[in-house]
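Colleague: What follows is a protein structure lacking sequence information:
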């Protein structure tokens, strides 16, 4: 069965610090990978996605993620975080090849950015 | 604006009772999925509806059932509520079964 692991449950950073959130998945076939963000009091929003092609994916608000197939990883990065990036971040995966949009989520990482 | 609307926003029920949660998908979306998000966990897939039929189902008991109406809106029903059913229930919609999901704000269900 597919599973997603997010290594950091709670991250605290100061503004302007760099961010990297880890995500590993277990599935041997073709996958689609996603990062969703949930700002306080808001709904889950798609931050970025990887389906195929360039493994370095750029999303909204300056976020990017790199798909490393050999490591089954899809880590999220941002060079300089802002207070407004305080939110919970979820990595998710589904079976690729246009098969389904049923998502398997990680447990989430709560990011707190201190001004 | 989420585009996906869910009602009610909060609900308190007693063990053994039944509950119905409602979802209206984003305009132009005909596929609706339901997820359960327990405290401190990521969302878990319950099931997906398309063309008024359940198309995929996650690892949830038969106490969890759903329905999709001709206007694409959907209901999630949970019978014989258990304390462990307390969670945030998320509805998500998409224009097909492969496009990334748009999520609603969720319904917070508390079972006492």
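Modeller: Here it is on my side, so go on. All figures in this text were calculated on a predicted structure; none of them were measured in a lab. Numbering: from 1, shown residues only, chains lettered A, B, ... in the order given.
Colleague: Those residues of chain B touching chain A, which are they?
Modeller: Taking Cβ under 8 Å from any Cβ of the partner chain, the part of chain B that reaches chain A is made up of B:2, B:4, B:31, B:33, B:35, B:40-45, B:48, B:56, B:58, B:90, B:92, B:94, B:96-106. C-betas here are computed from N, CA, C, even on glycine.
Colleague: Leaving out chain neighbours, which residue sits closest to the residue nearest the centre of chain A?
Modeller: Central residue check for chain A by Cα atoms, centre = their mean: the C-alpha nearest the mean position is that of residue A:35, 3.3 Å away. Nearest non-adjacent residue to residue A:35, counting by Cβ to Cβ, 6 or more residues apart in numbering or on different chains: residue A:47, 4.3 Å away.
Colleague: For the one you found, grab the count of nearby residues.
Modeller: By other Cβ atoms under 10 Å in any protein chain shown, 21 other residues sit near residue A:47.
Colleague: residues in contact with the host helix or strand of it?
Modeller: Using DSSP states H and E, residue A:47 falls within strand A:45-50. Under the criterion Cβ atoms under 8 Å, 6 or more residues apart in numbering or on different chains, residues A:32-39, A:57-61, A:63-65, A:67, A:74, A:76, A:89, B:100-103 lie in contact with strand A:45-50.
Colleague: got the contact list for the nearest residue to residue A:5 once chain neighbours are set aside?
Modeller: When the adjacent residues along the chain are set aside, residue A:5 lies closest to residue A:24, with 4.8 Å between them (Cβ to Cβ, 6+ apart). If you count contacts by Cβ under 8 Å, 6+ apart, residue A:24 has them with A:4-5, A:7, A:71-74.
Colleague: Report the secondary structure element holding residue 88.
Modeller: The chain I'm using is chain A. For residue A:88, the host element (DSSP H and E) is strand A:87-95.
Colleague: actually chain B
Modeller: strand B:87-94.
Colleague: Do a quick rundown of the strands in chain A.
Modeller: A:3-5, A:10-14, A:19-21, A:24-26, A:31-38, A:45-50, A:56-58, A:64-68, A:73-78, A:87-95, A:104-105, A:109-114 (DSSP state E).
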